[in-house]
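Chemist: Need a 3D model of the sequence below.
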Amino acid sequence: MGIEQNRIPFSPEERMADLAERAVLHGLFEGRGTSRREFFHLVGAATALAIIGEILPMDSLKAWAADAAGKPEKTELKVGFIPITCATPLIMAEPLGFYKKHGLNVEVLKASGWAMIRDLALNKQTDATHMLTPMPLAISMGIGSQSAPFVMPAVENVNGQAITLHTKHKGVQSVKEMKGFKFAVPFDYSMHNFLLRYVLAEGGLDPDRDVQIRVLPPPEMVANLRANNLDGYLGPDPFNQRAVFEGFGFIYMLSKDIWDGHPCCAFSCSKDFAISSPNSFKALLKAIIDSTEYAANKANRKEIAKAIAPKNYLNQPEEVLEQVLTGVFPDGRGNTRTVPDRIDFDPYPWHSMAIWILTQMKRWGYVKGDVNYKKIAEEVYLTSSCRDVMQAMGHKAPQETMKKHRFADGKIFDPERPEEYIQSFAIRRV
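Modeler: Numbering: from 1, shown residues only. Coordinates of the predicted model:
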């Protein structure tokens, strides 16, 4: 791209290369008695640039300028996570080198619970973080915390949860038999909470009146089940499999048997970070998507289990993590099951997923009044950013942002009719 071509550079890389070329030519001709225009007219533009190229490596300078345009503003980053398999892409990106591959030095910081993750993010003690997919929606809307605009450019995992019950309840055959149970979920604004409520309500129990649901950090669920403080929980892995491993819990239902392909956890950050450090944000998103695609390949699951098992990451037996990630596992009922997509990895953040989450917030009274579902989904779930990066990295990505979602009970969620969907439920708070 020469300055005499009269073409406006559009991308940041093109603009930086153009500025570099102009600066070099200005330095060569300024104050030397012969104007740049006269020199180019005398020998011709192509010859002029060739002569200058012999003196200064113009291509190298332009390449350097283009590289500078995309260079991360910050390379030392802190990313928060909860020690669960849902965070696999974000965690494994450190030991398996995906952050370094994209020019970043990332410290992953372990948090004990979701309230801590939220507070670290709001207080800017982390640059980005592992979040439950409903969390950036709730934080952006100021529900359950101070309002702060957050964005979610990528989902970390789909499926990957389960309803685990104490072994004393092995005789339970239906939801109606769970009346009076004490359950735990990891956070109010979680797919765990909304999926548990969905199952209970569709089974004829009011989740606010017929059972007790309390919030517990995932690492505390197993101990509370063992101590008989809980009858069960809908929680993330590996804590479902850990209860089976220790012999006092069994897997009643996988979350994929409620909604196959449901979102669970995600990569999120403040809108301020994405705007103030756009190159760092893009590099981080590239690393996460790269790592997520690697995790999606089931041939890599045993390697990943070994990488994330150590104390500074999940601090879990490698055997338990392999059972979760490979989908070959004992269920605590005396069976060995093979479910390859018990947990899976797909970064694409469908707007329709966000709208379903918002309908559940309204259904159960977490949000009051009118909700502009589509607007909120588009502002928080950065589908186009994810698509652009996926395509640039050679991965396939959907062109649509919305689709209908089918649940295992046969119900179909149409994101174009959210209010009608809420009203279709017999048990609801609105």
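Chemist: any weak-confidence spans in the protein?
Modeler: The model of the chain has pLDDT under 70 over residues 1-69.
Chemist: Can you tell me the SS state at the residue nearest to the spatial centre of it?
Modeler: In the chain, the C-alpha nearest the mean C-alpha coordinate belongs to A266, at 2.0 Å (C-alpha atoms, centre = their mean). Counting by DSSP: H, G, I helix; E, B strand; the rest coil, the backbone at A266 sits in strand.
Chemist: I figured it hits M131, correct?
Modeler: Yes. With contact defined as C-beta atoms under 8 Å, A266 reaches M131; the gap is 5.6 Å. In short, each C-beta sits where N, CA and C put it, glycine included.
Chemist: any shared contact partners between the two?
Modeler: Shared contacts of A266 and M131, defined by C-beta atoms under 8 Å, 6 or more residues apart in numbering, are found at M152.
Chemist: any idea how far the residue nearest to the centre of the chain is from P330?
Modeler: Counting by C-beta to C-beta, to the nearest Å, the gap from A266 to P330 is 29 Å.
Chemist: same check, this time on F267
Modeler: Plainly put, F267 is 31 Å away from P330 if you go by C-beta to C-beta.
Chemist: same check, this time on P95
Modeler: As judged by C-beta to C-beta, P95 and P330 stand 27 Å apart.
Chemist: What of H405?
Modeler: Separation of H405 from P330 (C-beta to C-beta) stands at 30 Å.
Chemist: So these two - more neighbours on which side?
Modeler: H405 (19 against 15; other C-beta atoms under 10 Å).
Chemist: was I right about that one contacting F413?
Modeler: Yes. Counting by C-beta under 8 Å, H405 touches F413, with 4.5 Å between them.
Chemist: overlap in contacts of those two?
Modeler: With C-beta under 8 Å, 6+ apart, H405 and F413 have common neighbours 352, 356.
Chemist: Can you mark which positions in stretch 333-345 are buried?
Modeler: Using 16 or more other C-beta atoms under 10 Å as the test for burial, stretch 333-345 gives 342-345.
Chemist: Dump those residues to TSV, plus distance to N372 and secondary structure.
Modeler: As requested, these are arranged in TSV below (distance: C-beta to C-beta, whole Å; DSSP: H, G, I helix; E, B strand; the rest coil):
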residue	distance to N372	secondary structure
R342	35	coil
I343	32	strand
D344	31	strand
F345	30	coil
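Chemist: Present the residues you listed as CSV; the columns should include distance to N300.
Modeler: Listed next are these as CSV, based on distance: C-beta to C-beta, whole Å:
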residue, distance to N300
R342, 16
I343, 13
D344, 13
F345, 10
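Chemist: Closest one to K298 out of the residues you listed, please.
Modeler: Taking C-beta to C-beta as the measure, K298 lies nearest D344 of those, at 8.7 Å.
Chemist: what bridges to the closest one?
Modeler: D344 has these beta-bridge partners by DSSP bridges: V158.
Chemist: mind listing what's buried in stretch 290-306?
Modeler: By neighbour count on 16+ other C-beta under 10 Å, the buried set for stretch 290-306 is 290-296, 300-301, 304-305.
Chemist: typed the wrong thing, it's stretch 397-415
Modeler: Buried residues in stretch 397-415, counted by 16+ other C-beta under 10 Å: 397, 401-402, 405, 407, 413, 415.
Chemist: and what of stretch 160-177?
Modeler: Residues of stretch 160-177 classed as buried by neighbour count (16+ other C-beta under 10 Å): 160-166, 172, 175.
Chemist: For P89, see how far away the residue nearest to the centre of the chain is.
Modeler: In terms of C-beta to C-beta, A266 sits 10 Å off from P89.
Chemist: residues shared between the contacts of those two?
Modeler: E156.
Chemist: what about the helices in the stretch 151-300 of the chain?
Modeler: 191-202, 218-226, 239-246, 271-276, 278-296 (DSSP state H, counting those that start in this stretch).
Chemist: Throw the ones you listed into JSON lines and include distance to E419, thanks.
Modeler: JSON lines is the format used below for the helices of the stretch 151-300 of the chain (distance: least, C-beta to C-beta, whole Å):
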{"stretch": "helix 191-202", "distance to E419": "17"}
{"stretch": "helix 218-226", "distance to E419": "33"}
{"stretch": "helix 239-246", "distance to E419": "34"}
{"stretch": "helix 271-276", "distance to E419": "27"}
{"stretch": "helix 278-296", "distance to E419": "33"}
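Chemist: For K311, find the nearest of the ones you listed.
Modeler: When the helices of the stretch 151-300 of the chain are compared by C-beta to C-beta, helix 218-226 sits nearest K311, at 12.8 Å.
Chemist: residues in contact with the closest one?
Modeler: For helix 218-226, contacts defined as C-beta under 8 Å, 6+ apart pick out 82-84, 112-113, 164, 166, 184, 186, 216, 230, 232-233, 235-236, 239, 242-243, 246, 248-249.
Chemist: Just the buried residues from those residues, in ChimeraX please.
Modeler: In ChimeraX, selecting the buried portion of the contacts of helix 218-226, with burial taken from 16+ other C-beta under 10 Å, looks like this:
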select :82,83,84,113,164,166,184,186,216,230,232,233,235,236,239,242,243,248,249
